[in-house]
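>>> I would like the atomic coordinates for the input below:
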Amino acid sequence: MSDYYAVFGKEKGTLVEQKGKRYFHGKTLGYIEIKCDDMVDFSRDGEWVPHQYNGDSFVKDQSVIQFSIGDEVRYHRSIDPFLKERLDQILHPESFRKLISKLYSIQQLTLFDCILFRHSGDWFEEGNHFFFFENSDAYCSVHHYYKRIENEDIPGGYSYVFDQFEFITMDGQRFTETYEKKNESNDDETVREMKNEAWGGADE
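As a prediction, the model looks like this:
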């Protein structure tokens, strides 16, 4: 998961200045005003070097970098720390992969494009997450329904994991991604009941 945040947490673009304010312009983000404490990478001697914006200049180790408007830079994108912590906490790696892969297939949306995140239900065993993602080209809502059966004797702490993601795009298309994992030692009847409740029907 950490590789994902490293790859998509930065976007290449250019520096722009309008009415005394500095902006980053990128293909996905569009125009973003660079604010105090934002991090921007500048290319120096073939390497990207991070600098922090202090409201007037870009600084690294108390040294001010010389730059020109129009320079190619990399902007450090921010992500809601609560959102990141929650997904790292609740999602199985395969569930995480399904979520980010389907998102990216929708006009290259990423977790960094999340502008709304809500949770309801039990924190660990059963509940819902609602996300809304938006970039310069698209927006998409995602409803995540999850169920868990805890078992401390099993690696990972769960004997049953169920995740279902429903994606609704800006043009009304709907997509569903599901991940289910059952440990063989789990009570089969309990699992069947949870599956039936999740899908709203009975096993045949």
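
>>> tell me the domain ranges of this structure?
When the chain is parsed with automatic domain parsing, its domains come out as 2-76, 81-199.

>>> which of those domains sits most buried?
A comparison of these by mean neighbour count, using mean count of other Cβ atoms under 10 Å, puts domain 81-199 on top with a mean of 15. In short, each C-beta sits where N, CA and C put it, glycine included.

>>> now that one: mean pLDDT?
When pLDDT is averaged over domain 81-199, the result is 86.

>>> begin at 19 from now on, thanks
Got it, first residue is 19 now, which makes that one domain 99-217.

>>> quick one: Phe180 is in a strand?
Yes - residue state for Phe180 (DSSP: H, G, I helix; E, B strand; the rest coil) corresponds to a strand.

>>> that one touches Tyr164, doesn't it?
Yes - Phe180 is within contact range of Tyr164, at 6.5 Å (criterion: Cβ atoms under 8 Å).

>>> what's the closest non-adjacent residue to Thr187?
Cys158 (5.1 Å; Cβ to Cβ, 6 or more residues apart in numbering).

>>> could you look up the SS state of the one you found?
What three-state DSSP gives for Cys158 is strand.

>>> wait, isn't it in contact with Tyr122?
No - under the criterion of Cβ under 8 Å, Cys158 lies out of contact with Tyr122, with a separation of 10.9 Å.

>>> could I get stretch 36-51 in CSV with only the CA atoms?
Taking only C-alpha atoms (Å, rounded to 0.1, in the frame of the first residue of the first chain), the coordinates of stretch 36-51 have been written out as CSV:
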residue,chain,number,x,y,z
GLN,A,36,-1.5,35.0,-11.4
LYS,A,37,-2.2,38.2,-9.6
GLY,A,38,0.8,37.7,-7.3
LYS,A,39,-0.2,34.1,-6.3
ARG,A,40,1.6,31.0,-7.3
TYR,A,41,-0.2,28.0,-8.7
PHE,A,42,0.6,24.4,-9.7
HIS,A,43,-0.9,23.3,-13.0
GLY,A,44,-1.1,19.6,-13.7
LYS,A,45,-3.1,17.4,-16.1
THR,A,46,-5.1,15.7,-13.4
LEU,A,47,-5.3,18.4,-10.7
GLY,A,48,-5.8,21.3,-13.0
TYR,A,49,-4.8,24.6,-11.2
ILE,A,50,-4.0,24.4,-7.5
GLU,A,51,-3.0,27.4,-5.5
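
>>> next, the contact list for the residue positioned nearest the centre of the chain, please.
For the chain, the residue whose C-alpha lies nearest the mean C-alpha position (Cα atoms, centre = their mean) is Leu129; its distance is 1.9 Å. For Leu129, the residues meeting the contact criterion (Cβ atoms under 8 Å, 6 or more residues apart in numbering) are Tyr22, Tyr23, Phe26, Ile97, Leu101, Lys102, Leu105, Ile118, Leu121, Phe151.

>>> so which of these sit within helices?
Secondary structure defined by DSSP state H assigns Tyr22, Tyr23, Phe26, Leu101, Lys102, Leu105, Ile118, Leu121 of the contacts of Leu129 to helices.
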